[in-house]
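[1] heads up, no residue letters with this:
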């Protein structure tokens, strides 16, 4: 298993949550994706580990921060002001340089996911 997510769980609207993803290798692009029941997968946040550029889904921008701890090879997503519509299974993804960082097609490695439920 190359990507292992942690964090997630239940939270109240307006609260915060921190998701982490431990990687066993370096990847040029890493991101967080989510999928709610009956919905398509969507890219939430991504980072270019080379130049540090970050990308966010419009609905989470301004209240979320993606970061990469290079020494620990860990990707983190901090989400604040949680909303019920943030409820979904969240997946960590990684791969080579993604030309469209919030498009899951650019990622070749996926974690098993961690559930986030906001009520």
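    Yep, it's here. Values in this document were obtained by computation on a predicted structure and should not be read as measured data.

[2] Let me see the contact set for the residue nearest the centre of the chain.
    For the chain, the residue sitting closest to the mean C-alpha position, by Cα atoms, centre = their mean, is residue 32 at 1.9 Å. Residue 32 is in contact with 19, 21, 43-46, 66, 75, 77, 90-93, counting by Cβ atoms under 8 Å, 6 or more residues apart in numbering. Where C-beta positions appear, they are placed from N, C-alpha and C, glycine not excepted.

[3] Return the distance of it relative to residue 18.
    Using Cβ to Cβ, to the nearest Å, residue 32 is found at 11 Å from residue 18.

[4] Next, show the common contact partners of those two.
    Between them, residue 32 and residue 18 share the neighbouring residues residue 77, with contact defined by Cβ under 8 Å, 6+ apart.

[5] Nearest spatial neighbour of residue 43, chain-adjacent residues omitted?
    Nearest residue to residue 43, sequence neighbours excluded (Cβ to Cβ, 6 or more residues apart in numbering): residue 102, at 3.0 Å.
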